[in-house]
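> only the shape, not the letters, is given here:
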């Protein structure tokens, strides 16, 4: 049997045993962050890049799937948060509008209570060119006002104009005038004066009538909702008798 030369043995070692040793080394001592490569049984060569790191490619595809899922979940989460934010803004705007409306009604009620409480000649109902419906006329005493010309005895007219605004026009004895908008978006209004002697509400009360009314009833309609206000007049001294079943 022919003996192999040392160079031939070295070449065989390089081709076979050394490759196996490198493969086993990669199997038991893998590089940091890489999976253990599978040992190739066919041929004595080091595995290629794709064969050496089979889990690395799978991990990249899984990361892409995770990114897609994360984007989907983030989109759904942002849509829910935006919907909640929109609902909160709408409720805040509705609450602010309702608060503003309630404040306007309270200011109107306080204004009318103050005017009718200082009425000196009572009140009457008459027509006016600026009013779409019959207006309420009041003569009252205005003591405190920034405008000196509007102090003293003032005649006021409460009416609903054609722009659906409930306004109060005032004329002073010095000739000064003022127009105030008390309420807006009023569809219609009705005014009734209470006759204490007859015990009934009247929609017609001329100025020539000697007896002043005892009460004023104002009904305002806004968005198909009617709201009624009742006020006492200062000039009414007679007692109001309410008839009812015993």
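That came in fine, so what should we check first? From a predicted model like this one, the values you see are computed outputs, not experimental measurements.

> looks to me like residue 68 is in a helix.
Yes: counting by DSSP: H, G, I helix; E, B strand; the rest coil, residue 68 is located in a helix.

> which residues does it contact?
The neighbourhood of residue 68, defined by CB atoms under 8 Å, 6 or more residues apart in numbering, contains no residues. The C-beta positions use only the backbone N, C-alpha and C, and glycine is treated the same way.

> and it, how far is that from residue 81?
20 Å (CB to CB, to the nearest Å).

> then residue 226 would be within a helix, right?
No: counting by three-state DSSP, residue 226 is not part of a helix but strand.

> name all residues that make contact with the nearest residue to it once chain neighbours are set aside.
Take residue 226 and drop its neighbours on the chain: the residue closest to it by CB to CB, 6 or more residues apart in numbering is residue 219, 5.7 Å away. Neighbouring residues of residue 219 by CB under 8 Å, 6+ apart: 189, 190, 191, 192, 226, 227, 228, 229.

> next: residue 149.
Shown in contact with residue 149 (CB under 8 Å, 6+ apart): 172, 174, 175, 176.

> try 10 Å this time
Contacts of residue 149 were listed using CB atoms under 10 Å, 6 or more residues apart in numbering, and they are 172, 173, 174, 175, 176, 177, 178.

> so how far is residue 96 from it?
When residue 149 is compared with residue 96 (using CB to CB), they lie 37 Å apart.

> same check, this time on residue 206
Relative to residue 96, and taking CB to CB, residue 206 is found at 44 Å.

> equivalent analysis for residue 204, please.
In terms of CB to CB, residue 204 sits 41 Å off from residue 96.

> quick one: which helix or strand includes the closest residue to residue 108 other than its chain neighbours?
Nearest residue to residue 108, sequence neighbours excluded (CB to CB, 6+ apart): residue 182, at 4.8 Å. Using DSSP states H and E, residue 182 falls within strand 177-184.

> pLDDT averaged over the helix or strand harbouring residue 75 - what is it?
Secondary structure from DSSP H and E places residue 75 in helix 54-117. Averaging pLDDT along helix 54-117 yields 84.

> report the angle between it and strand 177-184.
Here helix 54-117 points in a direction 130 degrees away from that of strand 177-184 (axes from the mean of the first three to the mean of the last three CA atoms, to 10 degrees).

> tell me the helix or strand right after helix 54-117.
Criterion used, DSSP H and E; the element after helix 54-117 is strand 119-126.

> tilt between that following strand and helix 54-117?
110 degrees.

> buried residues in the helix or strand just after strand 119-126, which are they?
With elements assigned by DSSP H and E, the helix or strand that comes after strand 119-126 is strand 135-142. Using 16 or more other CB atoms under 10 Å as the test for burial, strand 135-142 gives 135, 136, 137, 138, 139, 140, 142.

> list the helices and strands strand 135-142 packs on?
helix 54-117, strand 119-126, strand 152-160, strand 165-172, strand 188-195, strand 215-222 (3 or more CB pairs under 10 Å, 6 or more residues apart in numbering; DSSP states H and E).
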